[in-house]
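Novice: Following is a predicted model, sequence given first.
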Amino acid sequence: MSYTVSAAGPALPPARIVSLSPSTTEILFALGAGERIIGVTNYCDYPEEAKRKSKIGGMSNPSLEAVVSLKPDLVVMTTDGNPKEFEELLHTLHIRTFVFTARRIADLPQGIRELGAALLVRERAEALAKEMEHALARLGSGVKGHGPGKEKILYIIWPEPLIVAGPGTAMDDAITLLGRKNIASSASSAYPKYSLEEVLRQAPDVILIGKGSGMDMVEVSRGILKRMTSVPAVRNNNVCYLSDGLYRLGPRVVRGIEELAECLDRRSPR
Amino acid sequence: MSRPKIAALILMPCLLFLCSLFLGPKAINPVGLSEIEREILVQIRLPRVLVAFLMGMALGASGAVLQGVLRNPLADPYILGISSGASLTAALGIIGGLTFLGAFTVPVLAFIGAIVTGSIVGAMGWKRGGLWPERLLLAGVGLSFLFSALLMLMMSISTDEGLRRAMLWIFGDLSMSEWQRVPYGLLFVMAGMALSVTRAKALNALILGDEFAHSLGFAPQRERSILFVSVGLMTAASVSLGGMIGFIGLLMPHIMRFFVGSDSRMLIPASAVGGGSLLCIADLVSRSVLPPMELPAGVITAIIGAPYFLYLLRRKHVLSF
């Protein structure tokens, strides 16, 4: 088990929860535990109620004092952005933690089940996990057999400097699930600063552009797309602007994949 | 200054320039270019290599000038706070997602930040009708601390993604170099170079002291002001072209002193050419070692340059500053 439980195990479901990442906040709300959340990070903005919870700082630099002063009986953390030392600090103060370890789309349903077990809402977690597994299977099955071959995709996280979604990211998983090839999947880090000339050489068929926090991505990406005019995706106007669904490994991931599939299908219906 | 040395100072940069143009994550054979290779060469690599060379030139030359003007071997173009001012305004644009001038927004913001900071430092260093080296240096260091602190403050309250983008820019980013940046870079760097090279004789005199310069017929304050303006122009242009690249401004003049001596008339152009070549090579390495990922060129510059500098330092018996 990846989470720490006090020796006797929890007799009562945790009632004062602090969530240290936007994705775990979204999962907690989806599990119906929204009422029990008493603290979230400054970046937790979904669902709407999350914005009204007490703030405890950022993901990489949460305030220990702010967390402790809320007197939580469970702190939900993630390995994807929270410092490990923070978990140890909480333990020395005898605060129980649950560490969410899923970092890939395929691990998400299981992660949700484990979190549900820690919250004593097993049925609800099971239902959500099942629903997700069905959705993922449905989205993945559409391409098998008569998929449009290996279309090459580039997922731009930020245009200047060019940062893209590399291996091990939810975006990469989604592209693979839909039977396409992420041209950046051979890079040596998850969010590499990518070589512009390599984009021209790889000639992606579709370019996806993620959503930046509150910025007009059409405007921000104009310059870089102008430099990619010889790339098939830009030449044939196969550029999609997506929401932040895939940026957070939570319940909205399914919507994020659907959105990606809609973009790809518009080009070549399966 | 011997002929072979001058020939080396001209040929080496040309060779390195061509290397960084045709080598890279994939080498390009100039004979028989395919359509895509031509585009990569002309639209991506050529502007990038030119921008790198211009930036390196500006940093090397302004380092050589500044060490003379401030009579301090540890001076570099960033010590005057110009770069911290530029980083602050650039980060403001990057983190705030400003796009009012399209792709030019961040370079223009950086340039404005650099010029404004340079002017403040100049104003602080101005007393009794002239610029004083100690005052300039202290004003620069003081402002530098203030602006770095403001920058850290801004970064610590920004989102993680904004933070990473700002960090990439601050550590030197040449990946977005495009043709549109070349003309204004060329203009400011060449203007600064011309100013400083034509005042090189006066700089030689200034290094020996104001009284000495005066006795040779130079007006020390006037010369110092002109040289300060040339440094401001070159540094502002370089920061605006591609962020901050360390090492070159501080140590390229010292490397070149080992080869050409400390006569500014030779030292300024030699430091410029050396700085340009080093940055070209550093950028070539940064985009070639882990393709398709690119590393920050500023890091590679110091990794290549520093051991070489230390080697030269051990080998020489006399230091000629």
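Specialist: Yep, that arrived.

Novice: got the phi/psi numbers for residue A:194?
Specialist: phi -100, psi 150 (degrees, to the nearest 10).

Novice: how about the strands in chain A?
Specialist: Taking DSSP state E to define them, one finds strands in chain A at A:17-19, A:37-40, A:54-55, A:74-78, A:97-100, A:152-158, A:163-164, A:181-182, A:206-209, A:239-241.

Novice: ok, now the stretch 101-250 of chain B?
Specialist: Using DSSP state E, counting those that start in this stretch, the strands of the stretch 101-250 of chain B run over B:126-127, B:130-131.

Novice: need the contact list for residue B:312.
Specialist: B:255, B:258 (Cβ atoms under 8 Å, 6 or more residues apart in numbering or on different chains). For the C-beta atoms, the positions are set from N, CA and C on the backbone; glycine is no exception.

Novice: can you put the strands of chain A in JSON lines and add distance to chain B?
Specialist: Shown next, in JSON lines, are the strands of chain A (distance: least, Cβ to the nearest Cβ, whole Å):
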{"stretch": "strand A:17-19", "distance to chain B": "16"}
{"stretch": "strand A:37-40", "distance to chain B": "15"}
{"stretch": "strand A:54-55", "distance to chain B": "12"}
{"stretch": "strand A:74-78", "distance to chain B": "13"}
{"stretch": "strand A:97-100", "distance to chain B": "17"}
{"stretch": "strand A:152-158", "distance to chain B": "6"}
{"stretch": "strand A:163-164", "distance to chain B": "7"}
{"stretch": "strand A:181-182", "distance to chain B": "12"}
{"stretch": "strand A:206-209", "distance to chain B": "14"}
{"stretch": "strand A:239-241", "distance to chain B": "15"}
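
Novice: Pick the most buried one from those strands.
Specialist: strand A:17-19 (a mean of 29; mean count of other Cβ atoms under 10 Å in any protein chain shown).

Novice: mean confidence score for that strand?
Specialist: Mean per-residue pLDDT for strand A:17-19: 96.

Novice: Residue B:54 against residue B:183, yeah?
Specialist: No: look at residue B:54 against residue B:183 with Cβ atoms under 8 Å: they stay out of range, at 10.6 Å.

Novice: of the two, who's got more company?
Specialist: Comparing residue B:54 with residue B:183 by neighbour count (other Cβ atoms under 10 Å in any protein chain shown), the higher total belongs to residue B:54, at 27 against 9.

Novice: give me the element the more buried one is part of.
Specialist: Per DSSP states H and E, residue B:54 falls inside helix B:46-69.

Novice: So which bits of that helix are buried?
Specialist: B:47-69 (16 or more other Cβ atoms under 10 Å in any protein chain shown).

Novice: what residues does the stretch 151-300 of chain B put near chain A?
Specialist: B:156, B:159-162, B:164-165, B:168-169, B:173, B:175-176, B:178, B:287, B:290-295 (Cβ under 8 Å from any Cβ of the partner chain).

Novice: could you redo the last one with a cut-off of 7 Å?
Specialist: Within the stretch 151-300 of chain B, the positions near chain A by Cβ under 7 Å from any Cβ of the partner chain are B:159-161, B:165, B:168, B:173, B:175-176, B:178, B:287, B:290-294.

Novice: now those residues: which count as buried?
Specialist: B:159, B:161, B:165, B:168, B:173, B:175-176, B:178, B:287, B:291-294.

Novice: Among those residues, which pair sits farthest apart?
Specialist: Farthest pair in these (Cβ to Cβ) is B:159 and B:291. Separation: 28.9 Å.

Novice: contacting residues for the residue nearest the centre of chain B?
Specialist: With distances taken as Cα atoms, centre = their mean, residue B:59 lies nearest the centre of chain B, 2.2 Å away. Applying Cβ atoms under 7 Å, 6 or more residues apart in numbering or on different chains, we find residue B:59 in contact with B:77, B:238, B:245, B:248, B:249, B:275.

Novice: at 10 Å instead, please
Specialist: Neighbouring residues of residue B:59 by Cβ atoms under 10 Å, 6 or more residues apart in numbering or on different chains: B:76-78, B:83, B:189, B:234-235, B:237-239, B:244-250, B:252-253, B:271-272, B:275-276, B:278-279, B:301.

Novice: Quick one, which of those residues are buried?
Specialist: B:76-78, B:83, B:189, B:234-235, B:237-239, B:244-250, B:252-253, B:271-272, B:275-276, B:278-279, B:301.

Novice: Confidence-wise, which helix or strand of chain A is lowest on average?
Specialist: helix A:217-220 (a mean of 83; mean pLDDT, DSSP states H and E).

Novice: Any buried residues in that helix, and which?
Specialist: Buried residues in helix A:217-220 (16+ other Cβ under 10 Å): A:217, A:220.
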